[in-house]
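1. Here is a sequence with its predicted model. Questions after.
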Amino acid sequence: MLVGLNVIDDEAYQLYRDEMTPILLSYGGGFGYDFKISEVLKSKTEALINRVFTIYFSNEDSMKSFFSNDEYLKIKERHFGKSVTDTTIIATYGR
């Protein structure tokens with residue numbers, strides 16, 4: 001998946017990443033690339049983007065299972081909402 005975010009609290013977002021990564025790895029996932037960006041030249045959304053990264057899984061079922069994992073959802077609730085204002089899924093698994 002290619003994801004764009006608008007991160008407004010780097011410290012809280014890093015806590016989110018640190019806590020969720022072991023769960024991500026247990027589903028065969030990981031991060032490939034991660035960029036902080038300062039300027040968006042073209043976008044198909046009004047959402048702000050200042051961070052772009054790739055996140056991968058071995059298959060679509062693993063991805064769905066990860067994002068519905070109870071422990072992951074608790075971590076997301078604690079950190080993600082206060083650290084990110086916009087999320088844009090630029091590309092994902094197709095059917």
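-> Everything's here; your move.
2. And the helices in the protein, which stretches?
-> Using DSSP state H, the helices of the chain run over residues 10-26, 60-67, 70-83.
3. Can you lay out the ones you listed as JSON lines showing distance to T92, mean pLDDT and mean neighbour count?
-> C-beta coordinates here come from the backbone N, C-alpha and C atoms, glycine included. Below are these laid out as JSON lines (distance: least, CB to CB, whole Å; pLDDT from 0 to 100; neighbours: other CB atoms under 10 Å):
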{"stretch": "helix 10-26", "distance to T92": "15", "mean pLDDT": "98", "mean neighbour count": "15"}
{"stretch": "helix 60-67", "distance to T92": "8", "mean pLDDT": "95", "mean neighbour count": "15"}
{"stretch": "helix 70-83", "distance to T92": "17", "mean pLDDT": "97", "mean neighbour count": "15"}
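4. Report the beta-bridge partner residues of I55.
-> Applying DSSP bridges to I55 gives these bridge partners: F31.
5. Geometric centre of the chain: which residue is closest?
-> In the chain, the centroid-proximal residue (CA atoms, centre = their mean) is V3; its distance is 6.1 Å.
6. which ones are touching it?
-> 52-55, 87-90 (CB atoms under 8 Å, 6 or more residues apart in numbering).
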